[in-house]
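**Q** how would this look folded up:
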Amino acid sequence: MSSPYRIFGAALLLSACATADIPGKYEGTLPLGSEAERHVVVRLAADGKASVFAARWGNPSYLAEGAWQRADKRRVVVDLAVTPPQRIVFEHGGDQLVAKEWDRAVWGERGPGVLYRVQ
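**A** Below you'll find the model as predicted:
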């Protein structure tokens with residue numbers, strides 16, 4: 001194989017890896033005060049489907065499904081199919097999702113928090 005083909009092949013492989021690095025399962029636990037915490041799980045599937053689960057001791061669990069997409073190099077947008085519709089914007093870096101925008105009426109001022117890839 002000649003050099004131009006190797007460069008093209010390497011570029012193609014790198015672009016495929018760049019889009020494949022986001023899908024997975026991310027989890028985090030956010031302390032909410034005296035003996036209270038919220039556990040959050042976000043699943044981002046390779047086909048663009050998303051689910052968000054949150055549980056807090058003594059409160060009902062929250063589960064919503066929808067879709068996700070990459071907004072730019074670092075931002076991931078999750079649109080949840082609930083009434084009214086919700087959007088959570090995360091910053092992706094390595095094995096972390098950090099919530100940057102969310103519905104404060106649902107999540108409060110601290111939001112979903114920092115989530116770490118577990119799968």
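**Q** Val78: neighbouring residues, count only.
**A** Neighbours of Val78 under the rule other CB atoms under 10 Å: 23. Glycine gets a C-beta too; all of them are placed from N, C-alpha and C.
**Q** who's in contact with it?
**A** Val42, Leu44, Ala50, Val52, Gly66, Ala67, Trp68, Arg87, Ile88, Val89, Phe90 (CB atoms under 8 Å, 6 or more residues apart in numbering).
**Q** just the buried subset of the residues you listed, written out for ChimeraX, thanks.
**A** Here is the ChimeraX command that selects the buried residues among the contacts of Val78 (16 or more other CB atoms under 10 Å):
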select :42,44,50,52,66,68,88,90
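**Q** any chance of the contacts of Val78 in a markdown table, plus pLDDT and distance to Leu32?
**A** Shown next, in a markdown table, are the contacts of Val78 (pLDDT from 0 to 100; distance: CB to CB, whole Å):
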| residue | pLDDT | distance to Leu32 |
| --- | --- | --- |
| Val42 | 97 | 18 |
| Leu44 | 97 | 24 |
| Ala50 | 98 | 24 |
| Val52 | 96 | 17 |
| Gly66 | 97 | 24 |
| Ala67 | 98 | 28 |
| Trp68 | 98 | 25 |
| Arg87 | 97 | 22 |
| Ile88 | 97 | 18 |
| Val89 | 98 | 21 |
| Phe90 | 97 | 20 |
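**Q** among the contacts of Val78, which are in strands?
**A** Val42, Leu44, Ala50, Val52, Gly66, Ala67, Trp68, Arg87, Ile88, Val89, Phe90 (DSSP state E).
**Q** now the second one: how far from Ile88?
**A** Looking back up the chat, that one is Leu44. 11 Å (CB to CB, to the nearest Å).
**Q** any weak-confidence spans in the chain?
**A** 1-20, 35, 58 (pLDDT under 70).
**Q** which residue ranges of it form strands?
**A** Under DSSP E, the chain gives strands at 24-33, 36-44, 49-56, 62-70, 75-80, 86-93, 96-101, 114-117.
**Q** could you report the neighbour count for Gly94?
**A** 7.
**Q** dihedrals phi and psi, it?
**A** Main-chain dihedrals, Gly94, degrees, to the nearest 10: phi 60, psi -120.
**Q** roughly how far does it sit from Val118?
**A** Distance of Gly94 to Val118, given as CB to CB: 13 Å.
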